[in-house]
Each structure stands twice: as structure tokens, then as C-alpha cells.
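Participant: Sequence and predicted structure below; questions after.
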Amino acid sequence: MVAPFEGLFGDTSELRTIQFLLPASGLRFNISELARETRISRQTMMRVVAKLTKWNVLKIAGRHGGANYYALNQDSGFIKAFEDLDNLIIEQMEGEESKIKVAAAPQEQCPVISSLPLEGHDLSMAAQIPQ
């Protein structure tokens, strides 16, 4: 499954970093760890971290051995917006997959339906189950 932000907005270093950090709320990472986990060069990650820190998306959450450790800035309105957007995208992605499964289910699970000639019949109504 494609990462939610990547599926909708494409693949940028900033989005990849935010996508990695959203489920890791409360955890801290140095630049090398972020670069490794997101498969972004360390040099690019330094630029991304500077940009996201400037925009108040990340904050310096500690220092150890001469390295800064970064975390999502939970006080930033951006984080709530990113989390909401991430959840909406995931719901949309799951909804599309569910519709496909629901439309196929009557044929697969019911011997009577599977024996009927359904060619030319619109099964999309089966996918419109109220949530």
C-alpha cells in the first residue's frame, strides 16, 4: 500500500519525513536516523529538518552526544492538520478497497448468486452500504 501522503501528493522529502514521524509521535530522532528511515540522503535530511523546524512542524526535543534530536511539534497546528489529513486519505484508500471487496463478495460467497449470469448487471449498488 502506498503511503497516504505519497499516494495523493507525490513523493517529496518533506512529505516522506512527516509521513514517517506521524505514527512515531513522542519519539525523537537525530538527522542520521531520519535519513536512514526515510531513505533520504543525510545532506537532504539536514535541509528538510531545517525547513520543517523553521515552519514549526519539528522541534529540537533533546541533545545527546553533540547531536540534536527532533520530534514533531505537537503544539503546532500543522501536526493536527497533518494527522487529520492522513486519516482522511487512509479512510478514502480503505473505502475504495472495501467497495471492490463488497462488490465481489456476493458472487464469491453465495452459490446461488455465483451461478447466475451476472454479465451486464451493475453490482456497484452492493458497494454502497451506509457507513
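Facilitator: Sure thing, it's come through.

Participant: What segments of this structure are helices?
Facilitator: 4-9, 13-21, 31-38, 42-54, 77-109, 111-115 (DSSP state H).

Participant: Can you flag the weakest of those by average pLDDT?
Facilitator: Note on the helices of the chain: lowest mean pLDDT is at helix 111-115, with a mean of 40.

Participant: Might you report the residue contacts of Ser25?
Facilitator: Applying Cβ atoms under 8 Å, 6 or more residues apart in numbering, we find Ser25 in contact with 71-72, 74. Backbone N, C-alpha and C define where each C-beta goes, glycine included.

Participant: Of the residues you listed, which is the most crowded?
Facilitator: Leu72 (24 neighbours; other Cβ atoms under 10 Å).

Participant: In strands, which of the contacts of Ser25 fall?
Facilitator: Residues of the contacts of Ser25 located in strands (DSSP state E): 71-72.

Participant: now the contacts of Ser25 as a markdown table including distance to Ala35?
Facilitator: What follows is the contacts of Ser25, written out as a markdown table (distance: Cβ to Cβ, whole Å):
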| residue | distance to Ala35 |
| --- | --- |
| Ala71 | 16 |
| Leu72 | 17 |
| Gln74 | 23 |
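
Participant: Quick check: of the contacts of Ser25, which lies closest to Asn87?
Facilitator: Leu72 (15.2 Å; Cβ to Cβ).

Participant: For beta bridges, what are the partners of the closest one?
Facilitator: Leu58 (DSSP bridges).

Participant: Now do the same contact list for it.
Facilitator: For Leu72, the contact set (Cβ under 8 Å, 6+ apart) comprises 21-22, 24-25, 57-59, 79.

Participant: buried subset of those?
Facilitator: 21-22, 57-59, 79 (16 or more other Cβ atoms under 10 Å).
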